[in-house]
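1. Mind folding the following:
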Amino acid sequence: MSANPNPYETERLLGEYLLFHYGSAEEILPESAPAGMREALDFAVRTTRHFSPGTVERTLDLGCAVGRSAYELSRSSTETLGIDFSQNFIRAAAAMTGSPLPYGRLDEGHRRTPLLARLPEGLPVNEVRFETGDAMSLRRDLGDFDRVHAANLLCRLTQPDRLLERFPSLVRPGGELVIATPCTWLGEYTPPANWPQGSTLDWLKLKLGGDFELVSMKDEPFLIRETARKFQWTASMVTAWKRLP
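-> Okay, the predicted model is just below:
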């Protein structure tokens, strides 16, 4: 990863992501929020619904952040592993199975509102583990998985090609891969020489086409609340792939 300090280790980003993953509509949205903002909630849940129905043995959530998608994926997986580069995020994700996790929602300036992050009531959590790791240099003994989920990760890597090259060994033949990316290629994360030369979709088809079949593509909006009056509304391109025999 970059030699620059990891911004995802800050308390501010931790609070934003806990709210993004676990916050209620009332905690996130202003009273005057337009319908489009409400439709962009629960992104960490919606991306997990791009897998086929049914139960599987092993699932991997790469770039799992504070864990909501991993817990959702565990509904239909015997074993789920979440990996993220941020130690702060991983500690928070692992703590979610205990008592509610306190954090602060930034409203403005020095003003913060104390909130509690908790798993949804009744969420059937099977075996879920979390660990820190670099998506470009994953440990070799991970094994393979029936499902691999990577949401909003690719365009935050310095060398995204290295992850794409690893996917065939991570996904079992007949297994599924779901990639979500807002395609926001920025030099502060990825050197321009490592950006796709054309569209991100064409690049994914070129890189994955020899080992995977593209099953579907859909835009999914998401919303991150920065302050009481500032929000990030973004559309992420979600592609679902099936590993060829």
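2. buried stuff in the helix or strand bottoming out on mean pLDDT in the chain?
-> The helix or strand of the chain with the poorest confidence is helix 35-39; it has a mean of 93 (mean pLDDT, DSSP states H and E). Neighbour counts over helix 35-39 (16 or more other C-beta atoms under 10 Å) mark M37 as buried. In this view, the C-beta of every residue, glycine as well, is placed from N, C-alpha and C.
3. Next secondary structure element downstream of it?
-> helix 43-46 (DSSP states H and E).
4. Longest strand in the protein, by number of residues?
-> strand 212-227 (DSSP state E).
5. Next, count neighbours for E31.
-> By other C-beta atoms under 10 Å, 5 other residues sit near E31.
6. Tell me the secondary structure at it.
-> On the three-state scheme (DSSP: H, G, I helix; E, B strand; the rest coil), E31 is labelled coil.
7. just to revisit the earlier point, pull the residues that contact the least confident helix or strand of the chain.
-> Defining contact as C-beta atoms under 8 Å, 6 or more residues apart in numbering, one finds that helix 35-39 is touched by A25, L29, P221, L223, F231, W233.
8. How far off centre is that helix?
-> From the chain centre to the centre of helix 35-39 is a distance of 20 Å (C-alpha atoms, centre = their mean, to the nearest Å).
9. sorry, back to before: just the buried residues from the contacts of helix 35-39, in ChimeraX please.
-> Entered in ChimeraX, the line below selects the buried ones among the contacts of helix 35-39, by 16+ other C-beta under 10 Å:
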select :29,221,223,231
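10. ok, now which ones touch the residue most central in space within the chain?
-> The centre of the chain sits closest to A151, judged by C-alpha atoms, centre = their mean, with a distance of 3.5 Å. Going by C-beta under 8 Å, 6+ apart, A151 touches F43, A44, T47, G63, S69, V178, I179, A180, S236.
11. Rebuild those residues as TSV, extending it with pLDDT and distance to R112.
-> Conversion of these to TSV gives the following (pLDDT from 0 to 100; distance: C-beta to C-beta, whole Å):
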residue	pLDDT	distance to R112
F43	98	23
A44	98	22
T47	98	28
G63	98	26
S69	98	26
V178	99	34
I179	98	34
A180	98	29
S236	98	28
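12. nearest to A117, of the residues you listed?
-> A44 (12.2 Å; C-beta to C-beta).
13. State the number of residues packed around that closest one.
-> Count around A44 with other C-beta under 10 Å applied: 26.
14. Please apply the same query to F89.
-> F89, neighbours per other C-beta under 10 Å, totals 26.
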